[in-house]
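Peer 1: Next input, structure requested:
(2 chains)
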2 protein chains.
Amino acid sequence: MTDGQARLIAEAERRLGPKAVVTDMADIEPWLTDWRGRLHGASPAMIAPASTEEVAEVVRLAAEHRVPLVPQGGNTGMSGGATPPVDGSALLLSMRRMNRIRSVSAENRVAVAEAGVVLETLHHAAEKAMMRFPLTLGSRGSCTIGGLASTNAGGTQVLKFGTMRSLVAGVEAVLPDGSIHNGLSGLKKDNRGYSLDQLLIGAEGTIAVITAVALRLVPAVAGRAVAWVGVASPAHALDLLRFIQSQTDSLEGLELVREDCLQLVLKHVPGSRSPLRGSHAWHVLVETTTARAALDVGGQLERLLSEALKAGIIADAALATNEAQADAFWKLRDSISEAERAEGQTLAHDVSVAVADMPKFLVDASEQVESAFPGVTATGFGHLGDGNIHFHVRAGSHAASDWYEREGDEITRFVDDLVIAAGGSISAEHGIGQLKRAEFARLASPARLHALRAIKQALDPLGIMNPGKLVP
Amino acid sequence: MTDGQARLIAEAERRLGPKAVVTDMADIEPWLTDWRGRLHGASPAMIAPASTEEVAEVVRLAAEHRVPLVPQGGNTGMSGGATPPVDGSALLLSMRRMNRIRSVSAENRVAVAEAGVVLETLHHAAEKAMMRFPLTLGSRGSCTIGGLASTNAGGTQVLKFGTMRSLVAGVEAVLPDGSIHNGLSGLKKDNRGYSLDQLLIGAEGTIAVITAVALRLVPAVAGRAVAWVGVASPAHALDLLRFIQSQTDSLEGLELVREDCLQLVLKHVPGSRSPLRGSHAWHVLVETTTARAALDVGGQLERLLSEALKAGIIADAALATNEAQADAFWKLRDSISEAERAEGQTLAHDVSVAVADMPKFLVDASEQVESAFPGVTATGFGHLGDGNIHFHVRAGSHAASDWYEREGDEITRFVDDLVIAAGGSISAEHGIGQLKRAEFARLASPARLHALRAIKQALDPLGIMNPGKLVP
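Peer 2: Residues are numbered from 1 along each chain as shown, chains lettered A, B, ... in the order given. Model (predicted):
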């Protein structure tokens, strides 16, 4: 522990109370490793303030003693953005004690939640007000509002409601000098200069700590329909997307799954079974919802799928006949990563290209990766309607146990080059964090790198905010 | 003309050709005064590049010779953001030769337009592709895409589609060092660090020149219904808004007009007539639209208004029976500023508060201003559903001819204090420009001012981008 750290810890304990400072290594340990278990950091203490003022206090102490802070919510990030450096130079700044939902207004369609509120808790609070916060993702039981905003999280409902960026109505944050930015007014229109709120969304805690977020709510779901569809190719899946969108505003999710991904789920996830009888090269999970009880989304989706069948867009479809079946369909989709882990080593890439380009990209990129790296399986699944696919490369059962470490970087560079050549992004929704920093530096334009570095330096001249993340 | 300016002009002429440099004062003159005719600047030349590369060239010359540039589109801004400084130290950078629509894709629902494309031209291009760019405002025949993005413009359809911020899919811009940021990929998801696109939207040309914008398109309008409604108070208008929104997604515009504003229009605008027989304290213009030909929005709106009448929410309503009448209703709303100018001196404030707070704010603020400044009329009209009202203070016919100059600042400070006390914004959609800079400096939080100044200094250390605007 450095002298500065010791002084910060002592001061924080004195001013914020003993609850706000954790130094027992057994309590800190779980928060030093990232969600995927691939990155391990070190830190002598975790500071856990309980209010915005206390966060400001801690940040001022960090500036005074030149001790970097690593903000952390649910620690569910995919790119190591919340894992501290290995040298122990930084302290963890846990936001989990800031877990109040300050307000939920059905009238204004806005909820204000502190950074440490767990997503599922907010879902329930919105439901109690007959409203809905429409962003959701697999880690909803652990991930926090602050982390979701700081990483501009996506998920499965982006098609209709957008990423966090579209759902954040305002941000409260502590800047690196300890001053507090309050953007929680919930104004629908506010043109007072550069949007700090927008700048902080997706900034991964590198220029401020988000302490609370005003979130847009939408009317509660009155009905939903879920179907599992077999298609011949990603191009057919895109045709289905366009067709449904041309007929209704109810489309909320459209997830693409390749046959091999489904087979892995059926093999490794107990109780899972295929919704369709025959075999299909590709599958699509479709969800439509409505906030109006009068609209029969089930009947509507059945009609649309039957037309799509007649038009040759799809090969087969099964409409979930009850909520349990709908959940079972979603579970097939949500279990792919888990099934892949059970099967063996997997290299994940969260990439995007323009929606119209995705079918071709998916097929071409798989072929090119499999031909360049014999033995691997390159597959894709995910948010076709957003042009965002989780492009995964599996080692195969005969791979060496250190395949990931030995070949991972080279395969990733190969995939990233294909993405950039297609005009896409090497990080669609998972952010840069630590994991993608080198690739970001390699592939970003000089203008972008220059601007990011200049902004980071201007707002955090002492380098105390989440060092080693995002900005290369 | 300074030596630096002379060198820049000579170099620009040599590299970009004679068309790109205007030094004839008769040609420059119209661009030195702002839209409202209140601010007058000076500049020895106007540089008009025709491509992104040429803009980069000019910016590099400006950096080299330390000559500030004032980017300008249609010169329709409300806050003097495109008017050069009075000392002639800056050159105008006209974007109007960059007027190509690079692409319109109905499939991807995106159009890419250069900064100098006039809004109405884009509207027509989208229509030809059976699509629609849904942002519109009074100056649509003059204002340009670059200016709209740089000021995060709003308008009358924000209720459904949001401001420019929601409609911009990507930005291409030249940074103050002459490097080009290309964010035009049209990706729906892209988490590669701080969003430069979002930072540049609303930045008023102070940290980059926007050269092109990717814009989201929506399906073309298949049907619309427009009604003029009489209500007893702004609270009733808000009730109407909530009621319609609870019953349909078709609501696209809801504009509030006070009786005195309507009377001024009837008095000053030839051919205008009141849509309703009786007199009402407040009026509401309602527009619903649909992209689906099968939906009878006229019948739907008629039914909703009849229910609202029965429920006592509204006092009377007239549904436009044809397009000409619909346009006539809109013309009443769009002519208010013109009618006010014809009547006498008017002090305009473009303010926002939370939507739910607007009815009370509007009534209270009018009373307080009229009581603090005897003789004036304080009234409001505009985008109730966005919490954004144009709060205008009229001098009255007996006011001195220099009323605006003598009393304007004091009244504005009084109004702005009321807005801030209500948690609102002193600039909802018109930006800061020159006009609101002092008030912005007086009323913004230290955190916001610090961050804005730091970002400006970091990205434009030489101060060559639109000096004297926005950042106090």
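Peer 1: What parts of the stretch 251-400 of chain A come near chain B?
Peer 2: A:352, A:353, A:354, A:355, A:356, A:383, A:386, A:387, A:388 (C-beta under 8 Å from any C-beta of the partner chain). From N, CA and C alone the C-beta is placed, and that goes for glycine too.
Peer 1: Selection in ChimeraX covering whichever of those are buried, please.
Peer 2: Applying 16 or more other C-beta atoms under 10 Å in any protein chain shown to those, the buried members can be selected in ChimeraX as follows:
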select /A:352,353,354,355,356,383,386,387,388
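Peer 1: Just the ones in helices from the residues of the stretch 251-400 of chain A next to chain B, please.
Peer 2: Counting by DSSP state H, none of the members of those fall within helices.
Peer 1: Before we go further, residue A:70 is sitting in a helix, right?
Peer 2: No: checked against DSSP: H, G, I helix; E, B strand; the rest coil, residue A:70 lies outside a helix; its state is strand.
Peer 1: Now do the helices in the stretch 201-350 of chain A.
Peer 2: For the stretch 201-350 of chain A, applying DSSP state H, counting those that start in this stretch gives helices covering A:234-247, A:259-268, A:297-310, A:323-334, A:336-343.
Peer 1: Apologies, that question was intended for the stretch 1-150 of chain A.
Peer 2: A:3-16, A:25-28, A:52-65, A:119-128, A:145-150.
Peer 1: With respect to residue A:106, which of those helices lies nearest?
Peer 2: Within those, the stretch nearest residue A:106 is helix A:119-128; the backing value is 8.8 Å (C-beta to C-beta).
Peer 1: In that closest one, which residues are buried?
Peer 2: Using 16+ other C-beta under 10 Å as the test for burial, helix A:119-128 gives A:119, A:121, A:122, A:123, A:125, A:126.
Peer 1: you'd agree the fifth one is up against residue A:105?
Peer 2: No: with contact defined as C-beta atoms under 8 Å, residue A:125 does not reach residue A:105; the gap is 11.3 Å.
Peer 1: Quickly list what's touching both of these two.
Peer 2: With contacts taken as C-beta atoms under 8 Å, 6 or more residues apart in numbering or on different chains, the residues that reach both residue A:125 and residue A:105 are residue A:111.
Peer 1: Measure how buried residue A:37 is and give me the count.
Peer 2: Summarising burial for residue A:37: neighbours were counted as other C-beta atoms under 10 Å in any protein chain shown, giving 8.
Peer 1: nope, residue A:421 is what I meant
Peer 2: Quick note: residue A:421 (other C-beta under 10 Å) scores 11 neighbours.
Peer 1: That one and chain B, how far apart?
Peer 2: Applying C-beta to the nearest C-beta, to the nearest Å, one obtains 12 Å for the distance of residue A:421 from chain B.
Peer 1: highest average neighbour count across the helices of the stretch 1-150 of chain A?
Peer 2: Comparing those by mean neighbour count (mean count of other C-beta atoms under 10 Å in any protein chain shown), helix A:145-150 ranks first with a mean of 30.
Peer 1: my read: residue A:27 touches residue A:46, true?
Peer 2: Yes: the criterion here is C-beta under 8 Å, and residue A:27 meets it with residue A:46 at 7.3 Å.
Peer 1: near chain B, which residues of the stretch 1-150 of chain A show up?
Peer 2: By C-beta under 8 Å from any C-beta, the part of the stretch 1-150 of chain A that sits against chain B consists of A:105, A:107, A:108.
Peer 1: In PyMOL, select just the buried ones from the residues you listed.
Peer 2: To isolate in PyMOL the members of those that are buried, counting by 16+ other C-beta under 10 Å, one can use:
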select buried, chain A and resi 105+108
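Peer 1: what would the residues of the stretch 1-150 of chain A next to chain B look like in CSV with pLDDT?
Peer 2: Output for those, formatted as CSV (pLDDT from 0 to 100):
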residue, pLDDT
A:105, 93
A:107, 85
A:108, 85
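Peer 1: Check which helices and strands the top helix by length along chain A is in contact with.
Peer 2: Taking residue count as the measure and DSSP H as the definition, the longest helix of chain A comes out as helix A:403-421. Applying 3 or more C-beta pairs under 8 Å, 6 or more residues apart in numbering or on different chains; DSSP states H and E, we find helix A:403-421 packed against strand A:346-352, helix A:358-372, strand A:388-394, helix A:437-443.
Peer 1: Can you tell me the element the closest residue to residue A:198 other than its chain neighbours falls in?
Peer 2: Once flanking residues are discounted, residue A:198 sits nearest to residue B:198: 3.8 Å by C-beta to C-beta, 6 or more residues apart in numbering or on different chains. Using DSSP states H and E, residue B:198 sits within helix B:196-200.
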